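Peer 1: after the sequence you'll find the predicted model.
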Amino acid sequence: DAGVTQSPTHLIKTRGQHVTLRCSPISGHKSVSWYQQVLGQGPQFIFQYYEKEERGRGNFPDRFSARQFPNYSSELNVNALLLGDSALYLCASSPGQGAGSPLHFGNGTRLTVT
Amino acid sequence: GNSVTQMEGPVTLSEEAFLTINCTYTATGYPSLFWYVQYPGEGLQLLLKATKADDKGSNKGFEATYRKETTSFHLEKGSVQVSDSAVYFCALSEVNKFYFGSGTKLNVKP
């Protein structure tokens, strides 16, 4: 079975631009979460979607938004990019949304803002 | 609030040495606990988990026991291999989000 797939793998943007990152979950998984991982740190929670509804949001500004589609794939959008948005963006899927349900991560999108 | 603290690295060991990576947590409720591993250029992979107090998670020779009294979930392996070199993350989960520690890099020398 295919794992979580993310696209693109790498992206270079300029300050002020907008970016869209995409994620396809493992087949049968209905929950998708997004995490930001800055170099040398652990992932930080951005959003969780379950059954196409937002179920959780981390401490990120309104420039960050996301959505989940009927096929359970997801997009993360970031507007007005700042240098500090440079990071590895990880998408994760899980079958459900309970605390004991582990996350299955993709390999991430490396975003560089110049 | 919820948080995870794990020992700083890097940790450098010789092959076949015993490994311990300390992890403690703070939680408002009754979290599930996880260890994830990240190899260079890759996403995080689930290593093991425990969902309630005194549970022991195990996988690939790694073990961790959920200790509620000490709020700890230390990762151990009896004999490490060069292929275990990676960054290890301790995490807790409550409801809809995971909280990760800052990661511990493990280097295993032949």
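Peer 2: Good, I have the coordinates.

Peer 1: just the buried residues of the top strand by length along chain B, please?
Peer 2: If you go by DSSP state E, chain B has its longest strand at strand B:86-94. Buried residues in strand B:86-94, counted by 16 or more other C-beta atoms under 10 Å in any protein chain shown: B:86-93. Using the backbone N, CA and C atoms, a C-beta is placed for each residue, glycine as well.

Peer 1: what does stretch B:17-34 give?
Peer 2: B:19, B:21, B:23-25, B:27, B:31-34.

Peer 1: partners of the lowest-mean-pLDDT helix or strand in chain A, with directions?
Peer 2: Of the helices and strands making up chain A, the lowest-confidence element is strand A:53-57, at a mean of 92, by mean pLDDT, DSSP states H and E. Strand A:53-57 has its sheet partners listed here by DSSP bridges as strand A:44-50 (antiparallel).

Peer 1: hang on, the earlier thing: restrict the buried residues of strand B:86-94 to those near chain A?
Peer 2: Among the buried residues of strand B:86-94, the residues within reach of chain A (C-beta under 8 Å from any C-beta of the partner chain) are B:89, B:91, B:93.

Peer 1: beta partners of the last one?
Peer 2: Okay, so that is residue B:93. residue B:32, residue B:98.

Peer 1: ok, it touching residue B:30?
Peer 2: No: Residue B:93 lies out of contact with residue B:30 (C-beta atoms under 8 Å); the separation is 10.6 Å.

Peer 1: for the spatially most central residue of chain A, phi and psi?
Peer 2: Among the residues of chain A, the one closest to the centroid is residue A:34, at 3.0 Å (C-alpha atoms, centre = their mean). The phi/psi pair for residue A:34 (degrees, to the nearest 10) reads phi -120, psi 140.

Peer 1: so what's it up against?
Peer 2: Contacts for residue A:34 (C-beta atoms under 8 Å, 6 or more residues apart in numbering or on different chains) come out as A:23, A:45-48, A:66, A:74, A:76, A:89-92.

Peer 1: for chain B, see how far away it is.
Peer 2: 11 Å (C-beta to the nearest C-beta, to the nearest Å).

Peer 1: give me the beta-bridge partners of that residue?
Peer 2: residue A:47, residue A:91.

Peer 1: which residues of chain A fall in strands?
Peer 2: A:5-7, A:10-13, A:19-24, A:31-37, A:44-50, A:53-57, A:64-68, A:74-78, A:87-94, A:104-105, A:109-113.

Peer 1: closest one to residue B:39 among the ones you listed?
Peer 2: strand A:104-105 (11.7 Å; C-beta to C-beta).

Peer 1: packing partners of that closest one?
Peer 2: Under the contact definition 3 or more C-beta pairs under 8 Å, 6 or more residues apart in numbering or on different chains; DSSP states H and E, strand A:104-105 sits against strand A:87-94, strand B:44-50.

Peer 1: now that strand: average pLDDT?
Peer 2: Averaged across strand A:104-105, the pLDDT comes to 94.

Peer 1: and stretch A:26-40, by the same measure?
Peer 2: 94.

Peer 1: end-to-end on it?
Peer 2: Start to finish, the residues bounding stretch A:26-40 are 27 Å apart (C-alpha to C-alpha, to the nearest Å).

Peer 1: need the residues of chain B near chain A, please.
Peer 2: B:4, B:30-32, B:34, B:36, B:41-46, B:49, B:51, B:89, B:91, B:93-103.
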